[in-house]
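Asks: coordinates for the following, if possible.
(one chain, ligands or ions: 1)
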Amino acid sequence: MNELNKIEESIVEQLNKADTEDSIEKIRVFALGKKGKITEIMRSLSDMNIDKRKSFGKEINTLKLKISKLINDKRLLIKNINLEKKLKSDFLDLTLPVNLESNGTIHPVSQVIQEVSLIFGEMGFDIAEGPDIEDDWHNFTALNIPPEHPARQMHDTFYLQKENEIESKTSEVLRTHTSPVQVRTMMKSKPPINIIVPGRTYRSDSDQTHTPMFHQVEGLVIDEKSHMGHLKGCLVEFVKKFFNKEKINYRFRPSYFPFTEPSAEMDIGCIREGNKIVLDGDQDWLEILGCGMVNPVVLENCGVDSKKYQGFAFGMGIDRIAMLKYGMPDLRSFFDSDLRWLKHFGFTQFDFPPNSRKDSF
Ligand code: DAH
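Replies: From the prediction side, this is the model:
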């Protein structure tokens, strides 16, 4: 038996025994790696005379191709066996009875975040995230709210800086809105950008419609052409889908935000019955979001060329739209962990996507 046959036999034997992708890789290195058996022999070709080189070269090439194929075939086989095993162990029996005894429910905020993400997801938005503890620059300065700007007062910020520490660029805050994630996204990715950012936000405030921790969903679209018309179309489409009504009374009011120009707020027509708010008519209005065209100053602060790119943004109160859709009168009860409330207003996995409004508590 010549040397090549011996090598072939040894490799085939190893391959027959191998049963993991790792062991196949080891065999590949043993045969075809930089210091592998076949590679070594190929190197020795240069010492042979031209006739021997021709015939031996052909033989070694044929062997190389044969071994490569054997290795690839075996690798594929092991991959398929592993996949088969995984599929078998991941098996889920959907016919198993549901445990109706369970008291756990999905919190209305989680439910509404899922609904909102689904609707914007269908419109082509991705989901982005950012930290709850933000620095002053991302939360304010980059958004065109420099220190001393009156808009900082509107935010009732929780500052995390130590006592006596002078407010500086680097001081930390609990983010007062989801807008800093606009900044983070623009700084790390190039337009076109289409994102929503559902998440927690914090302000020192508490009454029937305010809690120190609440939820917002931010939206940001940056490209070369988007304008106020697109912003309006997108939001109107959203509220129709979210409230599951073809006709919704809404209005856009001019407003002011340092990070958008022009800016607007969107209100939804409602009726207030005692302390309950019902989505209907246009007797009364509930503000659900702020929005506008991204201020070029903000684009430049985030390294986006404001001569080439433009876009719109919005920030919506998740808890507000949840209260409106499901008739929950007091925001504070969202976070009381009262099991009776959670059982009444909570959802099960089968409520997705829910369209019916629940009775009041
Ligand atoms: N960040 C604002 C707030 O919390 C809401 C907001 C308004 C967000 C306008 C936006 C926007 O993106 O364009 O009050």
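Asks: now what about stretch 129-148, what contacts it?
Replies: 149, 151-152, 157, 160, 167-184, 197, 199-200, 202, 258-259, 295, 297-298, 301-302 (CB atoms under 8 Å, 6 or more residues apart in numbering). Heads up, the C-betas are built off the backbone N, CA and C, glycines and all.
Asks: just the terminal-to-terminal distance for that stretch.
Replies: 28 Å (CA to CA, to the nearest Å).
Asks: what does stretch 241-258 give?
Replies: Span of stretch 241-258 from end to end, CA to CA: 30 Å.
Asks: show me the helices in the stretch 101-250 of the chain, by range?
Replies: 108-122, 136-139, 180-188, 228-243 (DSSP state H, counting those that start in this stretch).
Asks: can you give the distance of the shortest one from its chain's centre?
Replies: If I follow you right, that is helix 136-139. 21 Å (CA atoms, centre = their mean, to the nearest Å).
Asks: any buried residues in it, and which?
Replies: 136-139 (16 or more other CB atoms under 10 Å).
Asks: with the longest one instead?
Replies: With burial defined by 16+ other CB under 10 Å, the residues of helix 228-243 counted as buried are 231-232, 234-235, 238-239, 241-243.
Asks: helix or strand right after it?
Replies: strand 250-257 (DSSP states H and E).
Asks: out of the buried residues of helix 228-243, which comes closest to Asn49?
Replies: Nearest to Asn49 among these is Cys234, at 76.5 Å by CB to CB.
Asks: pretty sure the closest one contacts Glu122?
Replies: No: between Cys234 and Glu122 there is no contact under CB atoms under 8 Å: 11.7 Å.
Asks: residues of the stretch 251-361 of the chain that sit close to the ligand?
Replies: Neighbours of the ligand within the stretch 251-361 of the chain, by CB under 6 Å from any ligand atom: 257, 260, 290-292, 313-315.
Asks: so what's whichever residue of the stretch 151-300 of the chain sits closest to the ligand bridging to?
Replies: Residue of the stretch 151-300 of the chain nearest the ligand, by CB to the nearest ligand atom: Gly290 (2.7 Å). For Gly290, the beta-bridge partners are Glu265, Gly315 (DSSP bridges).
Asks: give me the number of residues near it?
Replies: 22 (other CB atoms under 10 Å).
Asks: with Ile133 instead?
Replies: If we define neighbours as other CB under 10 Å, then Ile133 has 13 of them.
Asks: now it: how far from Glu59?
Replies: In this structure, Ile133 and Glu59 are 67 Å apart, going by CB to CB, to the nearest Å.
Asks: quick check: buried residues in whichever helix in the chain runs longest?
Replies: The residue-count maximum for a helix in the chain (DSSP state H) belongs to helix 50-89. By 16+ other CB under 10 Å, the buried positions in helix 50-89 come out as 56, 60, 63-64, 67, 70-71, 74-75, 78.
Asks: chain center to that helix: distance?
Replies: For helix 50-89 - counting by CA atoms, centre = their mean - the centre lies 41 Å from the chain centre.
Asks: what's the closest non-adjacent residue to the closest residue to the ligand within the stretch 1-150 of the chain?
Replies: Taking CB to the nearest ligand atom, the ligand has its nearest neighbour within the stretch 1-150 of the chain at Leu143, 7.9 Å off. Spatial nearest neighbour of Leu143, excluding adjacent residues (CB to CB, 6 or more residues apart in numbering): Phe259 at 4.2 Å.
Asks: am I right that that neighbour is in contact with Phe312?
Replies: No: contact between Phe259 and Phe312 fails when scored by CB under 8 Å: they sit 11.3 Å apart.
Asks: between those two, which contacts overlap?
Replies: Common neighbours of Phe259 and Phe312, using CB under 8 Å, 6+ apart, are 292, 294.
Asks: which residues does stretch 186-198 contact?
Replies: Here stretch 186-198 has contacts from 113, 116-117, 120, 124-130, 178, 181-182, 185, 215-224, 299, 302-304, 309, 311, 318, using CB under 8 Å, 6+ apart.
Asks: swap the cut-off to 6 Å and go again
Replies: 113, 120, 124-126, 128, 178, 181, 185, 217-223, 302-304, 309 (CB atoms under 6 Å, 6 or more residues apart in numbering).
Asks: let's verify Ile24: helix, strand, or coil?
Replies: Under the three-state scheme (DSSP: H, G, I helix; E, B strand; the rest coil), Ile24 adopts helix.
Asks: contacts only, for it.
Replies: By CB under 6 Å, 6+ apart, the neighbours of Ile24 are 18, 74-75.
Asks: of those residues, which are in range of the ligand?
Replies: Counting by CB under 6 Å from any ligand atom, no member of those is near the ligand.
Asks: where are the low-confidence patches of the stretch 101-250 of the chain?
Replies: The model of the stretch 101-250 of the chain has pLDDT under 70 over residues 161-170.
Asks: what does it put close to the ligand?
Replies: Going by CB under 6 Å from any ligand atom, the residues of the stretch 101-250 of the chain near the ligand are 177, 179, 218.
Asks: and for the last one, the neighbour number?
Replies: The reference is to Glu218. With other CB under 10 Å as criterion, Glu218 counts 24.
Asks: bridged to it, which residues?
Replies: Taking DSSP bridges as the rule, Glu218 bridges to Val197, Gly315.
Asks: that one contacts Phe314, doesn't it?
Replies: No: at 7.3 Å, Glu218 does not count as touching Phe314 under the criterion of CB atoms under 6 Å.
Asks: could you look up the SS state of the residue lying closest to Leu70 once chain neighbours are set aside?
Replies: Leaving aside its chain neighbours, Leu70 sits nearest to Leu15 (5.8 Å; criterion: CB to CB, 6+ apart). State at Leu15, reduced to three classes by three-state DSSP: helix.
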